Each structure stands twice: as C-alpha cells, then as structure tokens.
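# coords below, sequence missing:
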C-alpha cells in the first residue's frame, strides 16, 4: 500500500514490460512478481488499453472485471464504485493523486469524471487511510490523466455507441511537447436514450406499471466533459496545472418518483431521448496543480486543488404531507466547494525509504430548494503521516507507518419552510439541529513482502477510521429515487476498522494462480438500518452503529493452454455479520453475493493486437438479508468481446466490440435499488468503439 500509492501520488509511470491478462483485465507493469513486491497490499494496475478494450458504458462497469470490484449501477448511464462490498464514503476516488470531492453521499449519480481522459488506473483493495485519511477505509480507486506527450503533436478520436440505450458518443484529445513544455486538451460528448429491460411491466408497492417498448421512461441523459493541461517536465523538476469541467444531466425513472406520476400532464412516452421532470444535473469544476522536484535520493512534491460540485434535482411541484405545493420545480440544490493542499517527501537512506507528508482539506456545502435531506455544513481536516520501507533483500521487504488526523465538522440547523401541526399549534419543524464535532484518530499500517522462486507472499495489517459524514449525522428527508425516508443520528462516533489481508501468488509461463483472503473488524460500523415503519409513504431507514465482522477472499486462475489460447476463472466471496445491536446475527443491507467469472480468449497474432473472447458471469442467490429486506435469486449471463488494432503508417485504428447479456436474460442485482420496485437489470447490450490514434 505504502509504496504503490505514494508512487501514484508522485505521478510516476510504471514501465510496460509485460502484459498479464486476468479474465479480460489486462494489467500492465513490470514483471508481475516485481510489481507485486512493490506493495504489501492487494493492488491492480489497469492500462489505458484495457480501458479502451473493455468499454462498458461507465468507468466502474468497465472495471468490474477485477475481482472484488463492483459497479453499483443507477440506471444505464451512472454507477458508483464498490470494493469488497464497501463504497460511497468508505472509498476514496483519487485523480492524479488528489482526492475527488463531489456529493459522495448521493446514491443516484456517478463519479463526475471523464472516463475517456484517463490514461491508466490503480485499484487498492483494503484500508488506505495512511495516505488519504478518512474515507479510505475500504480502498482507493486511483485515476491518472498525467501522460506527458513526447511528440510535437499527437492525439486520438473515439466514436462509440451502445444498443440498449441507443448511446452515441465522441471523445477527442490532442497534446504536444516543445522542449520541456507540454500541453493536453480533451473533450467528450455523450447522449443516450431510455434504456430497455427484459420485462413489459414492473410492480411498485403492489401497483402494476406497464412499460412502453420495455423501456424505463425518462432514464435518458447526456454528458459533456472537457479539460486542458499545461506543464513543464524537466530532468529534476515537473509541474503542471489542469482545469477540467464535467457536466451531466439525466432523468429519474418517472415511476420511481412515486405514484403521483399518474397525475402528471407530462407525456413520458412521447420520446425516448428527451429528459423530462424529474431529472438531475451535476457540474464538477476542478483546478489542480502538481509539482515534483527530485534527485537520486530525494523527492519533494506539492499538490494543490480547488473543486466545485454543483448539483440540482428538479421535480414537479406537488404537495407532500403538510407541505403545500411549491412554486418551482427546484427540489434540491447542493453547492459544494473544496480546497485541498498536500506536501510529501521521500528520502532514500541505505536500505530504508522514508516517506512523510502533511495534508489539509476545507469544504463547505450549501443547500437550497423546497426539499430537504441534508443540511448545510463545513468540514476542516488536517493530517500527517510517516512511513518506512525497509528492504532487507530484494526478496524480503518490510514496511510500516503511522498517521494522525484531526477533523472538525459544523452542521447548520434547518427548519422547514412550511408549518406542521403539533397539538393545538403549528410550528416550523426543525429537521436538523446545529452540531459541532471534533474528531481525532491515530491510524497505522504494517506489512511484509516475500518472494521465493515462483511464489510471492504478501501480508498487511492496519487500522483505519472514517468520520461520520453530515448526511449520517443530520439527514431527515425523502430520497425518492432509492425509495426510502432517511433519518440521521447526531450521536454517531467515528467509524474504526481493523483489517488483515494477504496475497499468495504462484505463476509461470503457463499457469498463474492468485488468492487474496482478508478479515475486517468494525467495532462501530455505521449503516442505514431498514425498519418496518413508513414515513410519507416510503420505508424509513435510520442510521445506526453496530459491531461488524467481515471476511472474504478473491481468487483467480489463468491458464495458457495452447498457442494464442487462454482460459481463466476468478471468483469472490464476502461474509458479513452484525455482532451487536437490534439486528445482531444478521448481515448488512445490500450485501454482495458470491460471484464467479470464467471464460476463454483467443489472440489473433503474436503481438496480442487482436482477440475474441467468450465469458460467463455467474452470481449466487443472496439469502443473507436484513429484515425487512428480501432475498434475491442467483443468475448467470453470457458475454462476447472482440477487438483488433490496425497499424496505418504512423497511426493506429482500434475496433472494439462487446455483447453483454448475450441471451437477454432477466435477472436482479441484489445491490440495485431498482430491485425494490421489481425493475430487472438491462437486457442485451451491444457496444462498439472505433478509435483513431495519430
């Protein structure tokens, strides 16, 4: 963890000496054993080539082929990352070494990051609070757009589409270098229609709703992204500044917003490409600067960033409970600004590699609109870390580190804009009380890397923490799009986690086997507890804490059984159990079931520039639930992929084809909120991408 993540923060690029294929995941880096020796924690490095060849709608759906990584889909154009069953504010998204700060608490929108601008990615499975502080309790998804052009002018254009939601898109980038100065520019445009599911009707709280042409009405959307980077890359000094803006607009499935849609004057079936009420739009502006000075023994880096995340949810103005009909369609508006700064130092002394750093972050969020779910808040966090990587021999490495953090949170009070009857009087009901909290935490991590012959053995143990976010402390409102009423708890304590994980790897030119077990203990896990109560027609969920034990493993096998042929299989399993509280003995809500992927791949030529593969995705039934949650049946899907690269002088033409859910099977994802209203996952989906690099 220590070495890989700091290398990521320093924006170093791993050389691409070999290619290791893991169930269609192409991991590029040094010799695989050497790469595994860089960290004592489970990590996967993903190349730009893999991101292109496995394009699947959203970034997280593209990365789902990695064991332990899952996309929590929201419709067909958005998805959230989940690593080993943990997501949202238990997972850090890092872009070029800087923590991405959007409205992470929102379950119904994506990452606000242009996936086509990403050059490579790294996935750290397990706690990584040592470098990132709070929120990295479940892992880190590191995204990098820091490729430095080597030619005076170069670029690429990509055209892509998907059949299920009739998506069409264009992405283009250019870059160049003159002397030590360089530039990059990127733009992406995407539009998609309502997506299809393999059913003619759904059931919403005992009401049957017919779907026109098997499409979820009002799930169309669009995305517009752009970025510009200017930089200087010298022998000892590197600096750059990047400005990016990501805008997306998407409709909410109209029938998911309540049965009131039956009274609406909107003709939702008029067009499958328009975006009617209810809908959301999100704009994320980011300005980042990264500077590095280094020599043979010392590296000094500085990261600075400003981010603004502006999100609006708009709905038809209708009355709810004691609330009269509003005068506008603006249900919720959130405006969040974040300022980030970090300084890091690396010093090599004999067999020791000492590292340390300090970082700080200030953010404030302001709300408006007639609907309420979370209050205004400000948060200030500061932290520092020290660590040492001690190389006893090339095959035996130890590492350890400490981190201290202080977080201060201020949640502002909020009262309804309308009066609620209480006894013989009417009052402006307080939804959230004024709250000030200061949280301190000392975290640590230690690990070992050992290799002998064809074996690599790794182990890591550590403590992480997570400060409760304002939604967990002060929420009190309806979240229509995930069908529940959410209520916070101002008495929550910071969440702590103790984890042990290991990696056992054996591989030669024919076989490669990797097993990654882990054990995770939370003395005070924070989660939304489903109750049997209903508020304003929706199920009530309360935030609570419980002692939780989690353990699981990922395993994968790759077999090169003939020239140009490769077979692979991988699986994952997670067990979670509450050890205290009112739901003692039960698992956690929306727990991921076991899953297995297996497939065969044929490569056209010795350079691996053409391939065709067939794979099966098998998911078990999930009967481990938290009442009144319902079980979900298991399922399997068949998927086909193919690709080919053509050399055209100094240019390259890339073709990529995917057919997901080839048999158009109807199934339900246990982690999907749409499962609650009987909406199955998308049906057959054919994707095609054509790319030109020049």
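Looks like it came in fine. Since we're looking at a predicted model, the values are computed, not measured.
# beta partners for residue 576?
Beta bridges link residue 576 to residue 550, judged by DSSP bridges.
# please tell me the pLDDT value assigned to it.
Looking at residue 576, its pLDDT stands at 96.
# now it: how far from residue 588?
Counting by C-beta to C-beta, to the nearest Å, the gap from residue 576 to residue 588 is 5 Å. Any C-beta I mention is one placed from the backbone N, CA and C, and that applies to glycine too.
# between these two, who's got more neighbours?
Higher neighbour count among residue 576 and residue 588: residue 588, with 25 against 19, using other C-beta atoms under 10 Å.
# how much space between the more buried one and residue 580?
13 Å.
# what about this protein, any weak spots by pLDDT?
Across the chain, residues meeting the criterion (pLDDT under 70) sit at 1-35, 38, 57, 74-78, 107-108, 257-261, 606-608.
# and the contacts of whatever helix or strand residue 691 lives in?
For residue 691, the element it lies in under DSSP states H and E is strand 685-693. Contacting residues not belonging to strand 685-693 are listed as 52, 55-57, 154-165, 651-661 [C-beta atoms under 8 Å, 6 or more residues apart in numbering].
# repeat for stretch 389-404
Taking C-beta under 8 Å, 6+ apart as the rule, stretch 389-404 contacts 2-3, 37, 40, 129-131, 133, 351-353, 355, 383-388, 440-452.
# that one: how far from the chain's middle?
Stretch 389-404 sits 29 Å away from the centroid of its parent chain (C-alpha atoms, centre = their mean, to the nearest Å).
# endpoints of it, how far apart?
Taking C-alpha to C-alpha, to the nearest Å, the first and last residues of stretch 389-404 lie 19 Å apart.
# now that stretch: buried residues?
For stretch 389-404, burial by neighbour count (16 or more other C-beta atoms under 10 Å) applies to 389, 391, 397, 399-403.
# assumed residue 472 was part of a strand.
No - counting by DSSP: H, G, I helix; E, B strand; the rest coil, one finds residue 472 to be helix, located in no strand.
# bridging residues for the most centrally placed residue in the chain?
Geometric centre of the chain, nearest residue: residue 81, 2.7 Å, by C-alpha atoms, centre = their mean. Beta-bridge partners for residue 81, by DSSP bridges, are residue 71.
# quick one: it and residue 63 touch, right?
Yes - at 7.5 Å, residue 81 and residue 63 qualify as touching, with contact defined as C-beta atoms under 8 Å.
# what are the phi and psi angles of residue 67?
Here is the backbone geometry of residue 67 (degrees, to the nearest 10): phi -60, psi 130.
# for residue 321, same thing?
The phi/psi pair for residue 321 (degrees, to the nearest 10) reads phi 60, psi -120.
# how many other residues sit next to the closest residue to it other than its chain neighbours?
Counting by C-beta to C-beta, 6 or more residues apart in numbering, residue 321 lies nearest to residue 536, which is 5.2 Å off, once chain neighbours are set aside. Per other C-beta under 10 Å, the neighbour tally for residue 536 reads 14.
# doesn't residue 486 make contact with residue 536?
No - contact criterion C-beta under 8 Å: residue 536 and residue 486 do not qualify, at 11.9 Å.
# can you show me the helices along the stretch 201-350 of the chain?
With helices called from DSSP state H, counting those that start in this stretch, the stretch 201-350 of the chain shows none.
# do the stretch 51-200 of the chain as well
Under DSSP H, counting those that start in this stretch, the stretch 51-200 of the chain gives helices at 59-63, 129-132.
# so residue 182 versus residue 610, what's the distance?
Using C-beta to C-beta, one gets 32 Å for the distance from residue 182 to residue 610.
# ok, residue 297 - contacts?
By C-beta under 8 Å, 6+ apart, the contact list for residue 297 reads 347-349.
# same thing but at 7 Å, please
Residue 297 makes contacts with 347-348, as judged by C-beta atoms under 7 Å, 6 or more residues apart in numbering.
# from residue 352, how far out is it?
With C-beta to C-beta as the criterion, residue 297 and residue 352 are 11 Å apart.
# list the buried residues of stretch 176-190.
Of the residues in stretch 176-190, 176-177, 182-188, 190 count as buried by neighbour count, 16+ other C-beta under 10 Å.
# determine which two of those are furthest apart.
Spanning the widest gap among the buried residues of stretch 176-190 are 177 and 190, at 29.0 Å by C-beta to C-beta.
# need the distance between the two termini of stretch 146-163.
Termini of stretch 146-163 sit 32 Å apart (C-alpha to C-alpha).
# got a list of contacts for that stretch?
With contacts defined as C-beta under 7 Å, 6+ apart, stretch 146-163 is touched by 11, 55, 57, 96, 116, 119, 167-178, 182, 184, 233, 685-694.
# how many other residues sit next to the nearest residue to residue 281 once chain neighbours are set aside?
Leaving out its chain neighbours, the residue that sits closest to residue 281 by C-beta to C-beta, 6+ apart is residue 249, at 4.1 Å. For residue 249, the number of neighbouring residues by other C-beta under 10 Å comes to 17.
# farthest-apart pair in the buried residues of stretch 389-404, please.
Farthest apart among these by C-beta to C-beta are 391 and 403. That separation is 22.1 Å.
# out of the buried residues of stretch 176-190, flag the one nearest to residue 479.
Closest to residue 479, out of all of the buried residues of stretch 176-190 and judged by C-beta to C-beta, is residue 190, at 25.8 Å.
# surely that closest one meets residue 222?
Yes - between residue 190 and residue 222 there is a contact at 6.3 Å, judged by C-beta atoms under 7 Å.
# centre of this protein to the edge, which residue is at the far end?
Of all residues in the chain (C-alpha atoms, centre = their mean), residue 424 lies farthest out, 49.1 Å.
# phi, psi of it?
phi -100, psi 10.
# which ones are touching it?
Residue 424 neighbours (C-beta under 7 Å, 6+ apart): none.
# and residue 668, by the same measure?
Contacts of residue 668 (C-beta under 7 Å, 6+ apart): 632-633, 675, 680-681.
# tell me which strands the helix or strand containing residue 399 pairs with, and in which orientation.
When elements are assigned from DSSP H and E, residue 399 belongs to strand 396-411. Here strand 396-411 is paired, per DSSP bridges, with strand 377-393 (antiparallel), strand 435-452 (antiparallel).
# closest to residue 415 out of those?
Across the strands paired with strand 396-411, residue 415 has its closest neighbour in strand 435-452 (14.6 Å, C-beta to C-beta).
# other SSEs contacting whatever helix or strand comes next after that closest one?
Next in sequence after strand 435-452, counting helices and strands by DSSP H and E, comes strand 455-466. Using 3 or more C-beta pairs under 7 Å, 6 or more residues apart in numbering; DSSP states H and E, the elements in contact with strand 455-466 are helix 32-36, strand 435-452, strand 495-507.
# put together JSON lines for these, with mean neighbour count and distance to residue 241 on each row.
Below are these laid out as JSON lines (neighbours: other C-beta atoms under 10 Å; distance: least, C-beta to C-beta, whole Å):
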{"stretch": "helix 32-36", "mean neighbour count": "18", "distance to residue 241": "31"}
{"stretch": "strand 435-452", "mean neighbour count": "17", "distance to residue 241": "31"}
{"stretch": "strand 495-507", "mean neighbour count": "20", "distance to residue 241": "35"}
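# distance to residue 245 added to these, as TSV?
What follows is these, written out as TSV (distance: least, C-beta to C-beta, whole Å):
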stretch	distance to residue 245
helix 32-36	34
strand 435-452	33
strand 495-507	33
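# closest to residue 540 out of those?
Minimum separation from residue 540 across those (C-beta to C-beta) falls at strand 435-452, 21.2 Å.
# report the inter-axis angle for that closest one versus strand 495-507.
20 degrees (axes from the mean of the first three to the mean of the last three C-alpha atoms, to 10 degrees).
# chain center to strand 435-452: distance?
Relative to the centre of its chain, strand 435-452 is centred 21 Å away, using C-alpha atoms, centre = their mean.
# what angle do it and strand 455-466 make?
Taking the same axes, to 10 degrees, one finds strand 435-452 and strand 455-466 inclined to each other by 170 degrees.
# so what touches strand 435-452?
Here strand 435-452 has contacts from 1, 33, 37, 40-41, 129-130, 395-411, 457-465, 467, 473-474, 490, 494, using C-beta under 7 Å, 6+ apart.
# many thanks, I have nothing further to ask.
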